[in-house]
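Enquirer: Turn this into a structure:
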Amino acid sequence: MSRTWSWVQLVAGLLTFVLGILAFAWPEATLRVVGFLFGLNLLVGGLARTVALLFSHGYPMLNRVLGIIFGVFVAIVGILCLRNVAGSVALLLLIVAIGWMLDGFAEIVLATSTEGSAKGWRIAFGVVAILAAIALLVWPGIGLTAFLFIGATTLCFLGICLAFIAIAGLRSRPSVYA
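Expert: I've put the predicted structure just below:
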């Protein structure tokens, strides 16, 4: 992965963390705002993963293809969230849970093909995303307040993980200034 991509990951991580903080700060936010924020996060994350893997040669072909497929699915789930943000809470919870699960699996698949200091953070990212998705699927009646808490906590943690992945990537590459 390029040094530029590491900077993009750092910015994405910080924005994801800020989205989590915003979700904590305004728990009374309407479903429209919350659905838009989470849908936008899934759309941007899925597109970023897909574009990065299309132009990356640092992973085995099978891992790249699976990562691209998961990235496209995550982006589609994000579009579904954005298309009907005023829909039922149960549908939104299901769509977000599927998106998180796909994103988590994609991150774990990519972690299996990498070496270096960010591998553990990638696996942690994937595991937390999958566990959050399972929690939403197992307890769909927990209500919007619990969804906001789980979602905000997940966004904060995933933002921190992305930032650490990016920092590890930036530190592992020699700087070339010519």
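Enquirer: Helices along this protein, start to end?
Expert: Assigned by DSSP state H, the chain shows helices spanning 3-25, 31-54, 61-83, 89-111, 119-138, 143-172.
Enquirer: Highest average neighbour count across those: which stretch is it?
Expert: Neighbour counts (mean count of other CB atoms under 10 Å) averaged over each of those peak at helix 89-111, with a mean of 22. No exception for glycine: its C-beta is placed from N, CA and C like everyone else's.
Enquirer: which helices and strands sit right next to that helix?
Expert: helix 31-54, helix 61-83, helix 119-138, helix 143-172 (3 or more CB pairs under 8 Å, 6 or more residues apart in numbering; DSSP states H and E).
Enquirer: closest one to residue 102 among those helices?
Expert: helix 61-83 (4.8 Å; CB to CB).
Enquirer: between the closest one and helix 31-54, how many degrees?
Expert: 160 degrees (axes from the mean of the first three to the mean of the last three CA atoms, to 10 degrees).
Enquirer: for the record, mean pLDDT for helix 61-83?
Expert: On average, the pLDDT along helix 61-83 is 87.
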